[in-house]
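Novice: just need the structure, nothing else, for what follows:
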Amino acid sequence: MKNMTSDRYRRQIDISVVIPLFNEEESLPVLYEKLKGVLEELSISYEIIFVDDGSTDNSYEIISKIQNKNSCVKTIKFRTNAGKAKALNRGFKVAGGNIVFTMDADLQDDPEEIPNFLSKINEGYDLVSGWKKKRHDPLEKRLPSKLFNKITSLFTGLKLHDFNCGFKAYKREILDEISVYGELHRYIPALAHWQGYRVGEIPIKHHPRKFGESKYGLKRYIRGFFDLFTVVLLTKYIRTPIYLFGFTGSLFLTVGFLILFFITYLQITYGSILGHRPLSYFGVLSVLFGSQSISLGFLSEMLANISQAKGGGGISIRNYIGDNQKETGDVDLSIVVPLYNERESISILHNSLKLNLSNSGKNYEIVFVDDGSNDGSFDILMDIYGKNDRIKIIQLRKRFGKASALQAGFNYSVGEIIITMDADLQDSPGEIHHFIKEIDKGCNFVIGHRTEVPLFSLLSSAIFNKIVSLFSRVTFSDINCGLKAFKRSVIKDLRLYGELHRYFPILIARKGYKIEEIKVAHNPRQFGKSKYGITRIPKAFLDLFTIVLLTGFQGRPLHFFGGIGVSVGLVGLSINAYLCVLKFIEGNIGNHYTLLLMGVMLMVLGLQWFSAGILSELVNGIYEREFGEDIEG
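Specialist: Residues are numbered from 1 along each chain as shown. Here you go, the predicted model:
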């Protein structure tokens, strides 16, 4: 929840400068005078926030005296040394400026660079990072830093020369959206870049340290690489963790089972695996690691589901254009159209929608969600908006995916009936009145069944829908059809994240809503090409397993994990019991080494999955206490 007092205060301050410090008593008076001089020359409102991170010298006494002389100075003191990230995070919460600067207190950052940062911000950048192009640091600090920055750029996709530079400028909205913890402060640019903000860089002067010594050593880079892994996980897989853990686990499981089948073949054929025991160990470890990775993936999906329920979808909106005064119920019908690079289709689709909806007898709105297009689609939408006051436009900062675009559209729509359709002209607006008719009859959800599709698409769709039906026990002819209609109550009961939009019907059916499926025309694509490729197929199956878990075992995850764990564990226990009897009767287990390996492995696997079940029950308990589930009609 936003603090309204803080928001009003922020509009009165142009610049905040947040300075974390630890034992910098000699530098502080000089830094303050330089900073004050630069800020006053700019003729803007400002504040300076010193955050004392548990200093043991006279640093706090010095900044307190400065505060007494200047009402634009604020001070914060920690009782203990909590780390730079916490110091920055606390400073960000207190800062009221529309633009927030961070800089170190050791005089190596030069306040005279502030106007250069502001110039870069005025070019349209949301975050500007300093680049210590000519560093006055010893070689043993420069070389690891250069390597660190190269690797970080490679993994995050953001090309910066100096992630570790403490001198940065941020627009306020970035800090409202990103929370810094641990040692992730150096990765704020990467986190902002992932959210679709424009991140820039300027070369800055870097002075030699005048007082004291550096608080950082080589171990900072070691910790930094662990933090880098965290950032990659947060930015690339936060909404689809099963893709990381599922793909990794499947790979290791496949390799492990192939090795164990080979070992078993050797045992059966030659009666011995002599010389291949290291390979057998690797096979067992691969299976164990793969199994653990998959179970972690399912647990992560449960956590992602909870995060979405708490509003942690992480969708960053660049622009919203439309009527903000209407509330739910003021509009009968909302058409939500997610799109990515569809500039040729937009005007044709809008004209067709307008023609068909004008005859529907419904008070309507059209919500276009631009999912980070880079072909000028947003400009076309703005042109349409000037001609039709029933239009809403949501522009996401980057391409978040169709599920996120749909969720944004749902959040901003106010109709009692919501219809979704694709922007590629393959869905016909002329079909909308059939969907409205079914909803008016009492249906909660209506999905289209596309006819007249190419033979290959028809066959592949039939196979996919059959597999979906087999695993989910819910039957649909065309679960991937983008033309759907929902009652508002159904939308309120859905939580979208990752790429689960294709399984709307399963989520809705499992909640007991009344569903209807109707045949619809399907037009050939007129412009561009499909945004989906072959990589969508394995992702679709991983999402299917996720949906089965979430819908079938959300309230009782131990039944899923524990069922697998107990079953596998009992098989392993039976094998080991047999070998124990064999050992007792014959004095040895003979050539059953491979069987022993299998038995031990299965027991460990069983314990793994049962433990995952207990952990998932704890997670589910948190979910139920926070949100529960409404199944009343």
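
Novice: longest strand in this protein, please.
Specialist: strand 331-339 (DSSP state E).

Novice: just checking: what are the partner strands of that strand?
Specialist: Looking at strand 331-339 with DSSP bridges, its partner strands are strand 364-370 (parallel), strand 415-420 (parallel).

Novice: dump the C-alpha coordinates for the first one into CSV.
Specialist: Right, strand 364-370. Listed in CSV are the C-alpha atoms of strand 364-370, where the atom choice follows Å, rounded to 0.1, in the frame of the first residue of the first chain:
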residue,chain,number,x,y,z
TYR,A,364,-18.8,-1.9,-24.5
GLU,A,365,-15.1,-1.1,-24.3
ILE,A,366,-12.1,-2.4,-26.2
VAL,A,367,-8.9,-3.0,-24.1
PHE,A,368,-5.8,-3.3,-26.3
VAL,A,369,-2.7,-4.6,-24.4
ASP,A,370,0.6,-3.9,-26.2
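
Novice: other residues contacting the next helix-or-strand element following that strand?
Specialist: The C-terminal neighbour of strand 364-370 among helices and strands, as given by DSSP states H and E, is helix 377-385. Contacts with helix 377-385, where a contact means C-beta atoms under 8 Å, 6 or more residues apart in numbering, come from 319, 321-322, 339-343, 346-347, 350, 368, 370, 391, 393, 395. To be clear about C-beta, it is placed using only N, CA and C from the backbone, and glycine gets the same treatment.

Novice: so what's the closest residue to residue 341 other than its chain neighbours up against?
Specialist: Spatial nearest neighbour of residue 341, excluding adjacent residues (C-beta to C-beta, 6 or more residues apart in numbering): residue 375 at 4.4 Å. Counting by C-beta under 8 Å, 6+ apart, residue 375 touches 341-343.

Novice: that older thread, from the contacts of helix 377-385, which land in strands?
Specialist: Short answer: these in strands (DSSP E) are 319, 321, 339, 368, 370, 391, 393, 395.

Novice: most neighbours among these, which one?
Specialist: residue 368 (29 neighbours; other C-beta atoms under 10 Å).

Novice: show me what it bridges to in the sheet.
Specialist: Bridge pairing for residue 368 (DSSP bridges) gives the partners residue 337, residue 393.

Novice: which pLDDT value goes with it?
Specialist: pLDDT recorded at residue 368 is 98.

Novice: next SSE downstream of the helix or strand containing residue 548?
Specialist: Assessed by DSSP H and E, residue 548 sits inside helix 536-553. On the C-terminal side of helix 536-553, the closest following helix or strand by DSSP H and E is helix 557-586.

Novice: what's the angle from that next one to helix 536-553?
Specialist: On the basis of axes from the mean of the first three to the mean of the last three C-alpha atoms, to 10 degrees, helix 557-586 is oriented at 90 degrees to helix 536-553.

Novice: report the buried residues of helix 557-586.
Specialist: 557-558, 560-562, 564-565, 568-569, 571-572, 575-576, 579 (16 or more other C-beta atoms under 10 Å).

Novice: for that helix, the averaged confidence score.
Specialist: When pLDDT is averaged along helix 557-586, the result is 88.

Novice: which helices and strands sit right next to that helix?
Specialist: Applying 3 or more C-beta pairs under 8 Å, 6 or more residues apart in numbering; DSSP states H and E, one finds that helix 557-586 contacts helix 277-309, helix 536-553, helix 593-626.

Novice: and the contacts of stretch 432-450?
Specialist: Taking C-beta under 8 Å, 6+ apart as the rule, stretch 432-450 contacts 333, 335, 353, 356-357, 359-360, 362, 417, 419, 427, 431, 476-479, 481-487, 489-490, 504-505, 508, 513-522.

Novice: against residue 566, how distant is residue 610?
Specialist: From residue 610 across to residue 566, the span is 7 Å (C-beta to C-beta, to the nearest Å).

Novice: ah, wrong one, I meant residue 192
Specialist: Look at residue 192 and residue 566: by C-beta to C-beta, they are 46 Å apart.

Novice: got it, and residue 281?
Specialist: Distance of residue 281 to residue 566, given as C-beta to C-beta: 26 Å.

Novice: so who does residue 200 touch?
Specialist: Residue 200 makes contact with 120, 123, 125, 127-129, according to C-beta under 8 Å, 6+ apart.

Novice: those: which two are farthest apart?
Specialist: Within the contacts of residue 200, 123 and 129 form the most distant pair, 14.1 Å apart (C-beta to C-beta).

Novice: ok, these two, which is more surrounded?
Specialist: residue 129 (29 against 9).

Novice: thought residue 201 was touching the more buried one, still the case?
Specialist: Yes: between residue 129 and residue 201 there is a contact under C-beta atoms under 8 Å: 5.0 Å.

Novice: got any residues that touch both of those two?
Specialist: Common contacts of residue 129 and residue 201 (C-beta under 8 Å, 6+ apart): 160, 162.

Novice: for the helix or strand where residue 268 lies, give the mean pLDDT please.
Specialist: Assigning secondary structure by DSSP H and E places residue 268 in helix 241-270. In this model, helix 241-270 has an average pLDDT of 88.

Novice: for it, packing partners?
Specialist: So helix 241-270, by 3+ C-beta pairs under 8 Å, 6+ apart, packs with helix 219-236, helix 277-309, helix 536-553, helix 593-626.

Novice: mean neighbour count, distance to residue 27 and mean pLDDT for those - can I get that in JSON lines?
Specialist: Output for the helices and strands packed on helix 241-270, formatted as JSON lines (neighbours: other C-beta atoms under 10 Å; distance: least, C-beta to C-beta, whole Å; pLDDT from 0 to 100):
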{"stretch": "helix 219-236", "mean neighbour count": "15", "distance to residue 27": "20", "mean pLDDT": "77"}
{"stretch": "helix 277-309", "mean neighbour count": "19", "distance to residue 27": "41", "mean pLDDT": "83"}
{"stretch": "helix 536-553", "mean neighbour count": "19", "distance to residue 27": "52", "mean pLDDT": "76"}
{"stretch": "helix 593-626", "mean neighbour count": "18", "distance to residue 27": "46", "mean pLDDT": "81"}
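
Novice: could those helices go into JSON lines alongside distance to residue 258?
Specialist: Shown next, in JSON lines, are the helices and strands packed on helix 241-270 (distance: least, C-beta to C-beta, whole Å):
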{"stretch": "helix 219-236", "distance to residue 258": "28"}
{"stretch": "helix 277-309", "distance to residue 258": "8"}
{"stretch": "helix 536-553", "distance to residue 258": "18"}
{"stretch": "helix 593-626", "distance to residue 258": "14"}
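
Novice: which parts of this structure belong to which domain?
Specialist: 4-236, 241-309, 317-532, 557-626 (automatic domain parsing).

Novice: can I get the ones you listed in CSV with distance to residue 546?
Specialist: Formatted as CSV, the domains of the chain follow (distance: least, C-beta to C-beta, whole Å):
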stretch, distance to residue 546
domain 4-236, 17
domain 241-309, 5
domain 317-532, 7
domain 557-626, 12
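
Novice: can I assume residue 117 sits in a helix?
Specialist: Yes: secondary structure of residue 117 (DSSP: H, G, I helix; E, B strand; the rest coil): part of a helix.

Novice: if I look at it, how far off is residue 145?
Specialist: For residue 117 relative to residue 145 (C-beta to C-beta), the value is 21 Å.

Novice: okay then, goodbye and thanks.
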